[in-house]
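1. The sequence and its predicted three-dimensional model are supplied below.
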Amino acid sequence: MKNILRMMLSSLAVIIAAGCAFAFPDVNSEHWAAKQITELGERGIIVGYPSGVFMPDENITRAEFASMAIKALGQEDISVAQPVKFTDVTEKFWAYGAIQKALYFDLIKYDAASKIFRPEDKVSRAEAITMAVNALTTQDISDIKALEFLKGYSDLADTPTDFIIPAGKAEILNMLVTMPSENSKKIEASRPATRAEAAAILYRMIEEARLNPNAKLAEVMSKKQGEGYVIDGATVQGSIGTIPAGAVFPVTLKQAVSSQKNNSGDLYEAVLPANLVTKDNYILLYKDSTLKGQLLDVRKGKWFIRNGVLVLDNSIVVTPNDQTAGFKGAVEVTKQRNWFMKFIRAVFKGEKLEAYPYLPVEMKLLKPLRIDLTNGWIIE
């Protein structure tokens, strides 16, 4: 049973590290949008059909895209005090709340004189990309400047004039998503967006909104603060926090481990006894996050032969928001010795090592970790 668990843990760590796309059977790792579809699927931003497939080449409605955009921005729970009234979107419509939120956050521009939203119409590439760009604070550019950025597209002359500036901004931000093709690059503004394109557009929107959300989103996308263990060298850019490789912090084991009783390959679990925070008290990782791995090197302490060795190798973390992510860290269990005991152990050897649940040990992070400070999501 232990061998099976070890294999499962190792396999999970490999899958997480590789970012393989196995969430939907019709989206394999070779698909051009596999990474985006997989991550957004894991977060519940996009969903498949009842049969389990994703159907990446199918289209998406305006209502569906607005709902996905609001989920992607993490604003499902906000209330809109003054909803916009449309004759084709009543309060009973399934996406009524998401549409109102998309309007409030200025993702969708609308004519006040218009009474229809067209929720069931297929969202065009221009509409989807414009919504994503509108979620951001961007540098103002002129039509001429936008055209300069778009000159490599063969159908630029067919692009609607009101989409030129949003398209130019999207090109600057690498958000003008186009499917790989051997033919010339095309904007295809009026073509209905596919589900794969929608995932790729939203993925880029999330990345940019973490750094430069628009004014209304900035008010609600606040970084969470709290007390905890301060990580030296942690940095913050926009709403992204980074724990650098080499950072050391306390963890508490869930079970005792010993150089005399355990073997290399044994599994272990540990928890964070406190939040990990920046010097400004922005929460990087939350208390009670669970760390999982296996004992990497275990050697018994033997008199006159060697001191005990006990090294833990961490591979994944499970956060309080139920995300499982790669987390490469190591714990080398040691004992604090005064000068006399250092001499004794150097000469006679035989030291035994133990780590107990009630005594924290220090874990060293081996690879940098990036976290969205607004919601605690680890970015891979």
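-> Here it is on my side, so go on.

2. can I see the domain layout of this protein?
-> 2-220, 229-379 (automatic domain parsing).

3. Need those in JSON lines (columns: mean neighbour count and mean pLDDT).
-> Every residue, glycine included, has its C-beta placed from N, CA and C. Converted to JSON lines, those look like this (neighbours: other Cβ atoms under 10 Å; pLDDT from 0 to 100):
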{"stretch": "domain 2-220", "mean neighbour count": "17", "mean pLDDT": "89"}
{"stretch": "domain 229-379", "mean neighbour count": "17", "mean pLDDT": "90"}
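
4. which residues in the chain form helices?
-> 2-18, 34-42, 62-72, 96-104, 125-134, 143-150, 164-172, 195-211, 215-220, 339-347 (DSSP state H).

5. need those helices in a markdown table with distance to Leu312, can you?
-> Converted to a markdown table, the helices of the chain look like this (distance: least, Cβ to Cβ, whole Å):
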| stretch | distance to Leu312 |
| --- | --- |
| helix 2-18 | 13 |
| helix 34-42 | 27 |
| helix 62-72 | 36 |
| helix 96-104 | 44 |
| helix 125-134 | 42 |
| helix 143-150 | 50 |
| helix 164-172 | 45 |
| helix 195-211 | 32 |
| helix 215-220 | 40 |
| helix 339-347 | 21 |
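
6. Show me the one of those that comes nearest Gly233.
-> Closest to Gly233 of the helices of the chain, according to Cβ to Cβ: helix 195-211, at 20.2 Å.

7. what helices or strands is that closest one leaning on?
-> helix 34-42, helix 62-72, helix 125-134 (3 or more Cβ pairs under 8 Å, 6 or more residues apart in numbering; DSSP states H and E).

8. give me that answer again for 10 Å
-> When contacts are defined as 3 or more Cβ pairs under 10 Å, 6 or more residues apart in numbering; DSSP states H and E, helix 195-211 packs onto helix 34-42, helix 62-72, helix 125-134, helix 164-172, strand 240-243, strand 369-372, strand 377-379.

9. just to revisit the earlier point, for Val298, find the nearest of the helices of the chain.
-> Closest approach to Val298 among these (Cβ to Cβ): helix 2-18, 13.6 Å.

10. Touching, Lys145 and Ile165? I think so.
-> Yes. With contact defined as Cβ atoms under 10 Å, Lys145 counts as touching Ile165 (8.7 Å).

11. from what I can see Pro83 touches Gly97, true?
-> Yes. Counting by Cβ under 10 Å, Gly97 is a contact partner of Pro83 at 8.9 Å.

12. Could you tell me which residues touch both of the two?
-> Glu91 (Cβ atoms under 10 Å, 6 or more residues apart in numbering).

13. ok, now which ones touch the closest residue in space to Lys122 that isn't next to it in sequence?
-> Computed as Cβ to Cβ, 6 or more residues apart in numbering, the closest residue to Lys122 that is not its neighbour in sequence is Pro192, at 3.8 Å. Contacts of Pro192 were listed using Cβ under 10 Å, 6+ apart, and they are 58-61, 121-125, 127-128.

14. what would those residues look like in a markdown table with distance to Thr324?
-> Formatted as a markdown table, the contacts of Pro192 follow (distance: Cβ to Cβ, whole Å):
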| residue | distance to Thr324 |
| --- | --- |
| Glu58 | 29 |
| Asn59 | 32 |
| Ile60 | 28 |
| Thr61 | 31 |
| Asp121 | 37 |
| Lys122 | 35 |
| Val123 | 32 |
| Ser124 | 36 |
| Arg125 | 33 |
| Glu127 | 34 |
| Ala128 | 30 |
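
15. Tell me which two in those residues are the farthest apart.
-> Glu58 and Glu127 (16.6 Å).

16. And Asn28, how far from Lys35?
-> Separation of Asn28 from Lys35 (Cβ to Cβ, to the nearest Å): 12 Å.

17. swap in Leu366?
-> In terms of Cβ to Cβ, Leu366 sits 23 Å off from Lys35.

18. got it, and Gly52?
-> 19 Å.

19. can you check Leu217 too?
-> 24 Å.
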